[in-house]
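A.B. asks: Quick one, what's the 3D model for this:
(one chain, ligands or ions: 3)
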Amino acid sequence: MLRKILIANRGEIAVRIIRACAEMGIRSVAIYTEADRFALHVKKADESYCIGSEPVAGYLNVYALVDLAAATGCDAVHPGYGFLSENPQFARACKERGLIFIGPDADIIRRMGDKTEARKAMVAAGIPVTPGSDGNLGTVEEALDVAERIGYPVMLKATSGGGGRGIRRCDSTQDLRRNYQRVISEATKAFGSAEVFLEKCIVNPRHIEVQILADHDGNTIHLFERDCSIQRRNQKLIEIAPSPQLDEAQRQYLGGLAVLAAKAVGYTNAGTVEFLLDDQGRFYFMEMNTRVQVEHTITETITGVDIVEEQIRVAAGLPLRFKQEEIVRRGYAIQFRINAEDPKNGFLPSFGRISRYYAPGGPGVRTDTAIYTGYEIPPYFDSMLAKVIVNALTWEDAVKRGERALRDMGLFGIKTTIPYYLEILKHPEFREADFNTGFVEKHPELVHYSNKPRPEVLASVIAAAMAAHTGL
Ligand code: ADP
Ligand code: ADP
Ligand code: MG
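C.D. replies: Ligands and ions are numbered 1, 2, ... in the order given. So this is what the prediction gives:
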């Protein structure tokens with residue numbers, strides 16, 4: 001088994017990995033930049049090292065991180081999600097220094113990180129993909145030709161894109177002409193690659209993805225699916241496992257398809273195969289994420305499998321502990337990404353000091369976060385502050401538990417997406433499990449909730465003010 005792991009990440013996922021290490025008796029090494037001096041992962045790890053003053057760039061410094069891991073006697077590196085997690089050079093640099101990279105091989109990361117290569121691999125394996133360009137596009141004329149052939153609307157996508165960025169829907173030739181250069185420059189800035197491709201836009205699809213696990217002995221299994229259709233601008237807000245919108249036959253079919261996809265590329269470690277489901281019940285492969293996903297939590301909740309622990313075990317060369325038929329699920333889990341954003345103000349990021357925080361608790365509630373009372377949120381990073389995960393035996397009860405947990409949570413000093421999620425939870429389409437990726441756009445009225453504090457909150461504020469005034 002591994003003895004010491006460097007965690008090349010920050011925030012809640014760094015804390016999540018530290019927790020797995022602690023349970024497995026593995027020493028954890030945290031890294032941080034100056035802006036993260038007071039971050040929780042720095043306090044929680046067994047050892048912590050400052051890697052410079054550049055807030056974000058420090059976390060992306062491949063050679064500094066690999067050097068540090070070697071110098072501190074680590075035998076492995078966990079990349080988390082975002083940052084270097086899908087960077088094949090980083091995986092390769094680890095290997096060259098004799099460090100185990102906790103994830104698939106560098107070559108798989110490279111192939112699946114390139115969305116056109118991934119599409120080709122899936123076509124070869126017999127997995128359905130959306131109609132689209134054969135590879136990357138050379139010119140806007142070529143794009144117009146492909147769009148003519150597959151029919152509008154089309155999606156123009158950055159080949160190396162991720163995190164919901166570098167994607168534009170085009171409804172007409174004018175649209176495509178207008179967006180072509182825009183997506184290229186966006187992709188160049190965000191991903192350092194100017195490659196783009198086209199695929200058919202599936203109108204109002206459901207985003208359904210499958211968690212898979214594969215070891216080095218050829219065992220590949222799936223842990224059922226997640227429904228991530230509640231999105232804003234192609235970014236996930238609320239995730240659900242399993243999808244309340246699939247029947248058992250669809251579930252079995254999709255799980256099998258994901259395992260086939262993973263096997264076809266010789267995949268190892270944890271990964272996610274993302275699909276779109278159209279209104280005719282057809283599934284299309286969209287992309288594969290070669291890392292732990294933000295929403296791995298809900299799969300852990302319904303199956304009881306610790307995905308981060310399995311990642312570490314597989315990386316250490318151990319076989320999976322479960323056969324497919326041993327994977328069972330129970331009930332439903334919902335994850336809410338609590339973002340420091342103001343829904344009433346176009347979801348503008350809301351940074352600052354958290355004046356008071358307490359986690360929701362009680363039955364069926366899990367909170368993954370790296371915030372605490374008094375924590376000052378640095379403005380340089382992702383706006384996701386916490387993940388609240390609830391579960392219950394039925395869909396109806398999971399929804400009710402979600403409402404209760406979000407009301408239970410105390411998070412003051414900044415604006416968050418919590419009140420917005422409470423509106424979504426009240427909506428009949430959500431409650432009846434009938435929604436697609438167009439839900440958020442279709443319901444702009446949901447940001448019109450009242451900002452007035454609830455009576456009990458008001459009472460405690462008044463009591464505190466009176467106590468301060470009278471010196472009690
Ligand atoms: P998930 O796919 O796990 O649901 P997200 O798509 O929300 O996760 O991405 C998780 C984090 O990783 C976000 O901070 C996102 O900005 C970042 N990210 C994902 N893919 C890329 C990429 N190709 N390049 C840069 N950042 C990325
Ligand atoms: P990322 O790498 O940023 O996660 P994806 O390719 O996974 O990008 O797409 C992100 C989201 O964009 C999807 O969840 C879906 O909502 C939307 N999307 C992507 N491709 C299509 C498509 N062909 N038709 C309709 N929606 C799409
Ligand atoms: Mg995706």
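A.B. asks: quick one, phi/psi of residue 396?
C.D. replies: Main-chain torsions, residue 396, degrees, to the nearest 10: phi -60, psi -40.
A.B. asks: count of neighbours near it?
C.D. replies: When counting by other C-beta atoms under 10 Å, one arrives at 14 neighbours for residue 396. Quick note: C-beta positions are derived from backbone N, CA and C, even for glycine.
A.B. asks: likewise the one 3 residues further on?
C.D. replies: Residue 399 has 22 neighbours, counted by other C-beta under 10 Å.
A.B. asks: Ligand 2 contacts on this protein?
C.D. replies: 130, 155, 161-164, 167, 199, 201-202, 205, 207, 231, 234, 274, 276, 286-287, 437 (C-beta under 6 Å from any ligand atom).
A.B. asks: Which of these are buried? Put it as a PyMOL command.
C.D. replies: Under the burial definition 16 or more other C-beta atoms under 10 Å, those of those that qualify are selected in PyMOL by:
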select buried, resi 130+155+161+162+167+199+201+202+205+207+231+234+274+276+286+287+437
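A.B. asks: Which members of the residues of the chain next to ligand 2 are positioned in strands?
C.D. replies: In this view, these that belong to strands under DSSP state E are 155, 167, 199, 207, 231, 274, 276, 286, 287.
A.B. asks: Can you tell me which of those residues is closest to ligand 1?
C.D. replies: Among those, residue 274 lies closest to ligand 1 (C-beta to the nearest ligand atom), at 7.9 Å.
A.B. asks: Next, work out how far apart that closest one and residue 30 are.
C.D. replies: 30 Å (C-beta to C-beta, to the nearest Å).
A.B. asks: Residue 449 belongs to a helix?
C.D. replies: No. Looking at residue 449 with DSSP: H, G, I helix; E, B strand; the rest coil, it is coil, so not inside a helix.
A.B. asks: contacting residues for it?
C.D. replies: Listed by C-beta atoms under 8 Å, 6 or more residues apart in numbering, the contact set of residue 449 reads 419, 420, 422, 423.
A.B. asks: What of residue 388?
C.D. replies: Each residue near residue 388 by C-beta under 8 Å, 6+ apart is listed here: 335, 336, 338, 360, 365, 366, 367, 402, 405, 406, 409.
A.B. asks: Columns pLDDT, secondary structure and neighbour count on top of those residues, output as JSON lines?
C.D. replies: JSON lines is the format used below for the contacts of residue 388 (pLDDT from 0 to 100; DSSP: H, G, I helix; E, B strand; the rest coil; neighbours: other C-beta atoms under 10 Å):
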{"residue": "335", "pLDDT": "99", "secondary structure": "strand", "neighbour count": "28"}
{"residue": "336", "pLDDT": "98", "secondary structure": "strand", "neighbour count": "25"}
{"residue": "338", "pLDDT": "98", "secondary structure": "strand", "neighbour count": "23"}
{"residue": "360", "pLDDT": "98", "secondary structure": "coil", "neighbour count": "20"}
{"residue": "365", "pLDDT": "98", "secondary structure": "strand", "neighbour count": "19"}
{"residue": "366", "pLDDT": "98", "secondary structure": "strand", "neighbour count": "19"}
{"residue": "367", "pLDDT": "98", "secondary structure": "strand", "neighbour count": "20"}
{"residue": "402", "pLDDT": "98", "secondary structure": "helix", "neighbour count": "30"}
{"residue": "405", "pLDDT": "98", "secondary structure": "helix", "neighbour count": "23"}
{"residue": "406", "pLDDT": "98", "secondary structure": "helix", "neighbour count": "22"}
{"residue": "409", "pLDDT": "97", "secondary structure": "coil", "neighbour count": "21"}
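A.B. asks: quick one on the thing from earlier: so which of the contacts of residue 449 wins on neighbours?
C.D. replies: residue 420 (23 neighbours).
A.B. asks: related to what we said a few turns ago, for the contacts of residue 449, which one is nearest residue 95?
C.D. replies: residue 420 (43.3 Å; C-beta to C-beta).
A.B. asks: What does the pLDDT read for the nearest residue to that closest one once chain neighbours are set aside?
C.D. replies: Distance criterion C-beta to C-beta, 6 or more residues apart in numbering; nearest residue to residue 420, sequence neighbours excluded, is residue 343 at 4.0 Å. Note on residue 343: pLDDT of 97.
A.B. asks: Restricting to C-alpha, output the host helix or strand of residue 299 in PDB.
C.D. replies: In this structure, residue 299 is located in helix 296-303 according to DSSP states H and E. C-alpha atoms of helix 296-303 as PDB (Å, rounded to 0.1, in the frame of the first residue of the first chain):
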ATOM      1  CA  HIS A 296     -18.700  11.400  -7.000                       C
ATOM      2  CA  THR A 297     -20.200  11.900  -3.600                       C
ATOM      3  CA  ILE A 298     -23.800  10.900  -4.600                       C
ATOM      4  CA  THR A 299     -22.600   7.700  -6.100                       C
ATOM      5  CA  GLU A 300     -20.700   6.900  -2.800                       C
ATOM      6  CA  THR A 301     -23.900   7.600  -1.000                       C
ATOM      7  CA  ILE A 302     -26.100   5.200  -2.900                       C
ATOM      8  CA  THR A 303     -23.600   2.400  -3.300                       C
END
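A.B. asks: Run the angle between the helix or strand that that helix is followed by and helix 296-303 for me.
C.D. replies: Remark: after helix 296-303, the chain's next helix or strand is helix 307-315, criterion DSSP H and E. Relative orientation of helix 307-315 versus helix 296-303 (axes from the mean of the first three to the mean of the last three C-alpha atoms, to 10 degrees): 90 degrees.
A.B. asks: who does helix 307-315 touch, helix- and strand-wise?
C.D. replies: Packing contacts for helix 307-315, counted by 3 or more C-beta pairs under 8 Å, 6 or more residues apart in numbering; DSSP states H and E, involve helix 11-24, strand 76-78, strand 206-214, strand 269-277, helix 296-303.
A.B. asks: re earlier: from the chain's centre, how far out is the helix holding residue 299? Work that out for me.
C.D. replies: 13 Å (C-alpha atoms, centre = their mean, to the nearest Å).
A.B. asks: Quick one: check it for contact with ligand 1.
C.D. replies: No. Using C-beta under 6 Å from any ligand atom, helix 296-303 stays clear of ligand 1, with a minimum separation of 7.7 Å.
A.B. asks: So residue 42 sits against residue 29, correct?
C.D. replies: No. Look at residue 42 against residue 29 with C-beta atoms under 8 Å: they stay out of range, at 10.9 Å.
A.B. asks: Find the residues that touch each one of the two.
C.D. replies: With C-beta under 8 Å, 6+ apart as the test, residue 42 and residue 29 both reach residue 48.
A.B. asks: The two: which is more packed in?
C.D. replies: Neighbours of residue 42 and residue 29, each counted by other C-beta under 10 Å, are more numerous for residue 29; the result is 23 against 19.
A.B. asks: So that one, which state does it fall into?
C.D. replies: strand.
A.B. asks: Distance-wise, check it relative to ligand 1.
C.D. replies: 21 Å (C-beta to the nearest ligand atom, to the nearest Å).
A.B. asks: In contact with that residue: list those residues for me.
C.D. replies: Applying C-beta under 8 Å, 6+ apart, the residues near residue 29 are 4-7, 45-49, 68-69, 72, 74.
A.B. asks: now do residue 380
C.D. replies: Each residue near residue 380 by C-beta under 8 Å, 6+ apart is listed here: 35, 55, 56.
A.B. asks: Which residue, other than its chain neighbours, is closest to it?
C.D. replies: Per C-beta to C-beta, 6+ apart, closest to residue 380 is residue 55, 3.9 Å.
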